[in-house]
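Colleague: when you get a sec, could you give me coordinates for this:
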Amino acid sequence: MQLIDTHTHLDFEDFDADRSDVIGQARGRGVQRMMVLGVAQDNWQRVWDQVQQHDGLYAAFGLHPVYLDKHMPDHLQALQGWLERLHGHAKLCAIGEFGLDYYVEELNRERQQTLFEAQLALAERFELPVLLHVRRAHAPVIATLKRFKLQRAGIIHAFAGSYEEAKEYLKLGFKLGLGGAPTWPQAKRLRQIITRLPLEALVLETDSPDMAPAMYPNVRNSPVHLPDICSNLAQLLDIPPERLAEASSRNAMDIFGWRSL
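Modeller: Next up, the predicted model:
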C-alpha cells in the first residue's frame, strides 16, 4: 500500500527528538511522501531545511489564521519573496496552511479575510494549489473561492463541513482532507457524510502531531499512523484499504503535479 500524507507539521518541536526515525518508520509502512506545511514566517526556513534534508518530504508555506497576531504586514511580502525564489523547485508544492477560522472568536475576521485573499492572489500568480484551514467558516471560504476561481484548487484540510458544502468544494475542483477525526465513532455526522462522497474527492492526512486517530488516543500523531487511518476509513466506506490508498494517492498526485510516487 503506497500512501501520501497530505498534511503534516513535522517541523514542530514535538518531533525534534526522533524526526528521522518517524520519517523512516512511515516510509517503511508505505507512506512515500509527506507534505510539511508552514504556518508563520518564523517557521518557513525550518520547514525548508527539513524537506531538503529528507527524501519524500515536500513543502508548503503560508500564514495560518490561528497565528493572526504573529503575522506582520511585511510577512506577506516575505511569503511572496519565498515563492519567487523557489518557484519551480520540485520540493515546493503548494501555498499553505492558510484560510479562515471562526471557531476562535477573538481572531479578527476582517483581518483574516484580508490575509486569506492576499494568499489566494499569490496562489493565482504562482499557479500553486492551496492547502486550506477552515473552521466554522465554510460559507465565507466557498464564497471567496468562487470569486477567485483558482486554476489548481487544492485541499480543504480536515474537512468537517456538510454534504452540501462538500459538493460546493468539489465543484470548485478541491479535494477534501480526511485524517484522525472521522475515525472516532462519536463523529457520526462526519462519518455519514464521508460515505456519500466519491473516492475522487478524498485525500488522506494526519495533521501530525495533532488530531490523533481513535486507534492512538492521547498520543502524538504522526505519519506512521496513516496506514491505520486508511484502513479505518476504508472499512467505513466498505472498500479494501488498498483501493482507498490508491485513490487518495492518485488524487494527491493530481493536486501537486506529481507523475509518480
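
Colleague: and the longest helix for this protein?
Modeller: In the chain, taking DSSP state H as the definition, the longest helix is helix 109-126.

Colleague: give me the residues contacting that helix.
Modeller: Outside helix 109-126, the residues that touch it by C-beta atoms under 8 Å, 6 or more residues apart in numbering are 62-63, 65, 68, 71, 76, 79-80, 83, 87, 95, 98-102, 128-130, 140-141, 144-145, 148, 150-152, 154. Heads up, the C-betas are built off the backbone N, CA and C, glycines and all.

Colleague: give the buried residues for it.
Modeller: 109, 112, 113, 115, 116, 119, 120, 122, 123, 126 (16 or more other C-beta atoms under 10 Å).

Colleague: about what we covered before: so which of the contacts of helix 109-126 belong to helices?
Modeller: Per DSSP H, the contacts of helix 109-126 map to helices at 76, 79, 80, 83, 140, 141, 144, 145, 148.

Colleague: just the pLDDT for the fifth one.
Modeller: Per-residue confidence at residue 140 stands at 98 (pLDDT).

Colleague: near the closest residue to it other than its chain neighbours, how many other residues are there?
Modeller: Spatial nearest neighbour of residue 140, excluding adjacent residues (C-beta to C-beta, 6 or more residues apart in numbering): residue 100 at 5.9 Å. Counted with other C-beta atoms under 10 Å, the neighbours of residue 100 add up to 23.

Colleague: same check on residue 43?
Modeller: Neighbourhood size, residue 43 [other C-beta under 10 Å]: 18.

Colleague: that one contacts residue 11, correct?
Modeller: Yes - contact criterion C-beta atoms under 8 Å: residue 43 and residue 11 qualify, at 6.0 Å.

Colleague: just give me the longest strand of the protein.
Modeller: If you go by DSSP state E, the chain has its longest strand at strand 92-101.

Colleague: packing partners of it?
Modeller: Secondary-structure packing of strand 92-101 (3 or more C-beta pairs under 8 Å, 6 or more residues apart in numbering; DSSP states H and E): strand 31-37, strand 57-61, helix 73-86, helix 109-126, strand 130-135, helix 138-148, strand 154-157, helix 241-256.

Colleague: can you list the ones you listed in JSON lines and add distance to residue 183?
Modeller: Output for these, formatted as JSON lines (distance: least, C-beta to C-beta, whole Å):
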{"stretch": "strand 31-37", "distance to residue 183": "16"}
{"stretch": "strand 57-61", "distance to residue 183": "24"}
{"stretch": "helix 73-86", "distance to residue 183": "33"}
{"stretch": "helix 109-126", "distance to residue 183": "29"}
{"stretch": "strand 130-135", "distance to residue 183": "19"}
{"stretch": "helix 138-148", "distance to residue 183": "21"}
{"stretch": "strand 154-157", "distance to residue 183": "16"}
{"stretch": "helix 241-256", "distance to residue 183": "13"}
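
Colleague: angle of the longest strand of the chain against helix 73-86?
Modeller: Relative orientation of strand 92-101 and helix 73-86, computed by axes from the mean of the first three to the mean of the last three C-alpha atoms, to 10 degrees: 160 degrees.

Colleague: any idea how far strand 92-101 is from the chain center?
Modeller: Chain-centre distance of strand 92-101: 8 Å, with C-alpha atoms, centre = their mean, to the nearest Å.

Colleague: quick one on the thing from earlier: ok, of the ones in helices among the contacts of helix 109-126, which come out buried?
Modeller: Neighbour counting with 16+ other C-beta under 10 Å marks 76, 79, 80, 83, 140, 141, 144, 145 as buried within the ones in helices among the contacts of helix 109-126.
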